[in-house]
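Asks: have a look; sequence and predicted model below, questions after that.
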Amino acid sequence: MRKIAQLTVASLLASASLSSAALVNIATNSWSGAAPKVILTTGGQRLATDSIVRIGTFPTGVPQITPTTPWSVVNSAFVPLGESAADAADGTNGPLFVNNVNTLNPGDAQGHFAGTINGVDNADARFGAGTRLYIMVLNAPFASMSSANQITILSDATGFTIPSSATRTMTTSAIDTAAEVFAGQLGANSITMVPFNVPEPSTGMLGLLAAAGLMARRRR
Amino acid sequence: MKRTVLPIIVLAASLSQVANAQTSSSTPIIGYYKFDVPAGQSAWVCGFVTKKDFQSQATSVAPGANMPDGTPTTVITQTGAGWANNAFPLHYVEIISAGATQGLIMDVVSNTATTVRVRGTVTGTPTYCIRKHATLKGVFQDIGALVPFSDSVTVYNSNNTLSSYFPTGTGGNWVADDFATPANDSIIYPGQGFIIAASSNTVITTGGGEVSYVKTGPTQVPVYRGQTNFVGHVTPLVATQPADPLYNVDGTATVAGGRVKLVDLGITTSGLEPFVDSTTLFTQGGNLDPAGGYYVSGGNVYADDFATISNNVTLRNGYSVVISAENANRVVTFPQLYPAN
């Protein structure tokens, strides 16, 4: 009986050595696959070079995004694995190699992104195998990320997960239903960002606007 | 980690490979090789296959009844074969004829005196061979310092589950992870990778027994969408001496022996989705961490920045990689690398 117990422990240890800690790669691009989709701003322009692309998770779900949803609400709900231009600096994963938009890749064009986050530790409880991944694109560079006022958040319902081993590649081609666009508008060949982080007018400001309206009416 | 590859030993280059062939086949190289397995996890592929038990052109081919799981089958008729009924319980059929199905591997379901039924679809009347599968006991002739009931060999199944097997330390036997079920006959498919978990550096011997034949022709290996597909090309690890014919497959002098350039691995011509399906290389030993991800497009291999052409990145013979198919099941055709066509 003792031997069996020892063997069972050995079995568990051996199995655990394969099924737990592993470094994996998370790659993304917006221009490959059957139906690649470019990222457009609200004005229909291609996303500017050096805009930021973030990859991470929303452990408690994606907050509802409206034009007045502040940056802080979105950012606090998001746990980044990495992002373009700089590491997420969460002390666990990285370094980050998500390219700036406009990579040198042949056929690439403004509005697209590509790159890979290498060495994601899926032993980290936040990033365990099977955890759903999201791509967040903002119309601002990393240095002024909080000033962004347009956003899109994407996640393929079946394919965007942290793998147990090797590499997961997330492409915008996989985004093919509106339900996979948590912020933004899905088109045939594009995903258009939506406004957010637009300050609500304060009460005082509303009063001033009302007064100005009344004055204009009296003058007429 | 420095790896030392000991010379492959060519034991009997003139022995006949075909036990019951109706047509001629190539002369085999029968041998074994030793390879250093580092402590921790390392990913490998077997460089040998078993001998051909039969080879001929099919007399006729017809669809068989589907398997209970819906998999189609094919009945190959071989007039005059004279097989014993169900003589191929652990065997597979490999398509030899040139064409799209060359190198296709199909498990044998059953056979009669003149027919063999296989899982999969065969068209035309191709030349094919029947081989016994490489099994755990057949592949590993010497497990070196692997610790019985502790160190293991693990394969990923087609449903993404893991099967781990443990050496018992006696008679070259293996058991499943319940430490009771015999696992000597567990199959390692041609091109299927396996992970060795070793508690210390050791030297393991592959070949020397029934799994000791160098495979000729391409090998088709399925990779399943969303699963961890450890796969590799079926080429033996090679020698340390330049005079050995297996030395320097890619023409680069290296003590480590044969390597293959990624562009020659077959991944650029296997229908992988460009810039979507990935090939991940690993650092052998330790936690088996990724050493790089690669993509294909337009006949080139790209690094995971999606921009740097990486055709000349090399993979050590005997190492397996993970090919991730993101949107559909794929079939990778690994070319014959040695001996030369």
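Replies: That came through, no problem. Numbers count the residues shown, from 1 in each chain, chains lettered A, B, ... in the order given.
Asks: what's around residue 145, how many residues?
Replies: Unless you meant another one, I'm taking chain A. Neighbour count for A:Met145, taken as other Cβ atoms under 10 Å in any protein chain shown: 18. For glycine as for every other residue, the C-beta is placed from the backbone atoms N, C-alpha and C.
Asks: nope, chain B
Replies: 14.
Asks: nearest spatial neighbour of it, skipping sequence neighbours?
Replies: B:Thr202 (3.8 Å; Cβ to Cβ, 6 or more residues apart in numbering or on different chains).
Asks: same thing with B:Asp185?
Replies: B:Thr135 (4.9 Å).
Asks: contacts only, for that neighbour.
Replies: Residues near B:Thr135 by Cβ atoms under 8 Å, 6 or more residues apart in numbering or on different chains: B:Leu90, B:Asn184, B:Asp185, B:Ser186, B:Ile187, B:Ile188, B:Val211.
Asks: still on that earlier bit, pLDDT wise, what is the residue nearest to B:Ala145 at?
Replies: On pLDDT, B:Thr202 comes in at 89.
Asks: what's the answer for the one 10 residues further on, then?
Replies: You'll see B:Ser212 listed with a pLDDT of 89.
Asks: all the strands of the stretch 51-200 of chain B, in order from the start?
Replies: Under the criterion DSSP state E, counting those that start in this stretch, strands of the stretch 51-200 of chain B are mapped to B:52-57, B:60-64, B:73-77, B:91-95, B:105-111, B:115-119, B:127-132, B:134-135, B:140-142, B:152-156, B:162-167, B:174-176, B:187-188, B:193-198.
Asks: put together JSON lines for the ones you listed, with mean pLDDT on each row.
Replies: Formatted as JSON lines, these follow (pLDDT from 0 to 100):
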{"stretch": "strand B:52-57", "mean pLDDT": "97"}
{"stretch": "strand B:60-64", "mean pLDDT": "97"}
{"stretch": "strand B:73-77", "mean pLDDT": "98"}
{"stretch": "strand B:91-95", "mean pLDDT": "98"}
{"stretch": "strand B:105-111", "mean pLDDT": "98"}
{"stretch": "strand B:115-119", "mean pLDDT": "98"}
{"stretch": "strand B:127-132", "mean pLDDT": "98"}
{"stretch": "strand B:134-135", "mean pLDDT": "97"}
{"stretch": "strand B:140-142", "mean pLDDT": "89"}
{"stretch": "strand B:152-156", "mean pLDDT": "95"}
{"stretch": "strand B:162-167", "mean pLDDT": "95"}
{"stretch": "strand B:174-176", "mean pLDDT": "96"}
{"stretch": "strand B:187-188", "mean pLDDT": "96"}
{"stretch": "strand B:193-198", "mean pLDDT": "96"}
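Asks: Throw these into TSV and include distance to A:Ala178, thanks.
Replies: Shown next, in TSV, are those (distance: least, Cβ to Cβ, whole Å):
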stretch	distance to A:Ala178
strand B:52-57	55
strand B:60-64	42
strand B:73-77	42
strand B:91-95	45
strand B:105-111	42
strand B:115-119	40
strand B:127-132	49
strand B:134-135	49
strand B:140-142	53
strand B:152-156	35
strand B:162-167	37
strand B:174-176	47
strand B:187-188	45
strand B:193-198	39
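Asks: report the separation between the residue in the stretch 151-300 of chain B positioned nearest to chain A and B:Thr314.
Replies: The minimum distance from the stretch 151-300 of chain B to chain A, using Cβ to the nearest Cβ, falls at B:Phe275 (3.4 Å). Shown here: B:Phe275 relative to B:Thr314, a distance of 22 Å by Cβ to Cβ, to the nearest Å.
Asks: pull the CA atoms of stretch A:150-166 into CSV?
Replies: Taking Å, rounded to 0.1, in the frame of the first residue of the first chain, the C-alpha atoms of stretch A:150-166 are listed here in CSV:
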residue,chain,number,x,y,z
GLN,A,150,-11.5,56.4,-28.9
ILE,A,151,-11.2,52.7,-28.3
THR,A,152,-12.0,49.3,-29.6
ILE,A,153,-11.9,46.1,-27.6
LEU,A,154,-11.9,42.7,-29.4
SER,A,155,-12.0,39.1,-28.4
ASP,A,156,-12.8,36.1,-30.5
ALA,A,157,-15.2,33.9,-28.5
THR,A,158,-13.4,30.7,-29.1
GLY,A,159,-9.9,31.4,-30.2
PHE,A,160,-8.5,34.2,-28.0
THR,A,161,-7.3,32.2,-25.0
ILE,A,162,-4.0,31.7,-23.3
PRO,A,163,-2.5,28.4,-24.5
SER,A,164,-1.2,25.7,-22.3
SER,A,165,1.9,25.6,-24.5
ALA,A,166,3.6,27.3,-27.5
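Asks: ok now it, how far from the chain's centre?
Replies: 8 Å (Cα atoms, centre = their mean, to the nearest Å).
Asks: in contact with the residue nearest to B:Ala145, which residues?
Replies: So B:Thr202 contacts B:Asp36, B:Val37, B:Ile143, B:Gly144, B:Ala145, B:Leu146 (Cβ under 8 Å, 6+ apart).
Asks: with A:Ile135 instead?
Replies: Contacts for A:Ile135 (Cβ under 8 Å, 6+ apart) come out as A:Thr28, A:Val53, A:Arg54, A:Ile55, A:Ile153, A:Leu154, A:Ser155, A:Phe160, A:Met170, A:Thr172.
Asks: wait, a strand at the third one?
Replies: Yes: membership of A:Arg54 in a strand is supported by DSSP: H, G, I helix; E, B strand; the rest coil.
Asks: show me what it bridges to in the sheet.
Replies: For A:Arg54, the beta-bridge partners are A:Glu83, A:Met136 (DSSP bridges).
Asks: separation between it and B:Phe140?
Replies: 46 Å.
Asks: ok so, going back, and the residue of the stretch 151-300 of chain B closest to chain A, what does it touch?
Replies: For B:Phe275, the contact set (Cβ under 8 Å, 6+ apart) comprises A:Asn29, A:Trp31, A:Ser32, A:Gly33, A:Ala114, A:Thr169, A:Thr171, B:Tyr295, B:Val296, B:Ser297, B:Tyr302, B:Phe306.
Asks: look up phi and psi at the closest residue to B:Ser158 other than its chain neighbours.
Replies: Nearest residue to B:Ser158, sequence neighbours excluded (Cβ to Cβ, 6+ apart): B:Tyr224, at 5.9 Å. Dihedral pair for B:Tyr224: phi -100, psi 140, per degrees, to the nearest 10.
Asks: counting neighbours, what do you get for B:Tyr224?
Replies: Neighbours of B:Tyr224 using other Cβ under 10 Å come to 18.
Asks: what do you get for A:Asn149?
Replies: By the criterion of other Cβ under 10 Å, A:Asn149 has 16 neighbours.
Asks: pretty sure A:Thr57 contacts A:Gly128?
Replies: No: the pair A:Thr57 / A:Gly128 is not scored as a contact, 9.9 Å apart, by Cβ atoms under 8 Å.
Asks: what residue ranges in chain A score low on pLDDT?
Replies: Within chain A, the stretches with pLDDT under 70 are A:1-21, A:85-109, A:202-220.
Asks: what about the strands in it?
Replies: A:23-29, A:38-40, A:52-57, A:79-83, A:96-98, A:114-121, A:134-138, A:150-154, A:167-171, A:181-183, A:185-186, A:190-192, A:194-195 (DSSP state E).
Asks: export these as TSV, with columns for distance to B:Ser60.
Replies: Listed next are the strands of chain A as TSV, based on distance: least, Cβ to Cβ, whole Å:
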stretch	distance to B:Ser60
strand A:23-29	47
strand A:38-40	53
strand A:52-57	54
strand A:79-83	56
strand A:96-98	55
strand A:114-121	50
strand A:134-138	53
strand A:150-154	52
strand A:167-171	44
strand A:181-183	54
strand A:185-186	52
strand A:190-192	54
strand A:194-195	63
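Asks: tell me which of the ones you listed sits nearest to B:Gly103.
Replies: Among the strands of chain A, strand A:167-171 comes nearest to B:Gly103, with 25.3 Å by Cβ to Cβ.
Asks: name the helices or strands packed onto that closest one?
Replies: The contact analysis (3 or more Cβ pairs under 8 Å, 6 or more residues apart in numbering or on different chains; DSSP states H and E) places strand A:167-171 against strand A:23-29, strand B:278-282, strand B:290-297, strand B:321-324.
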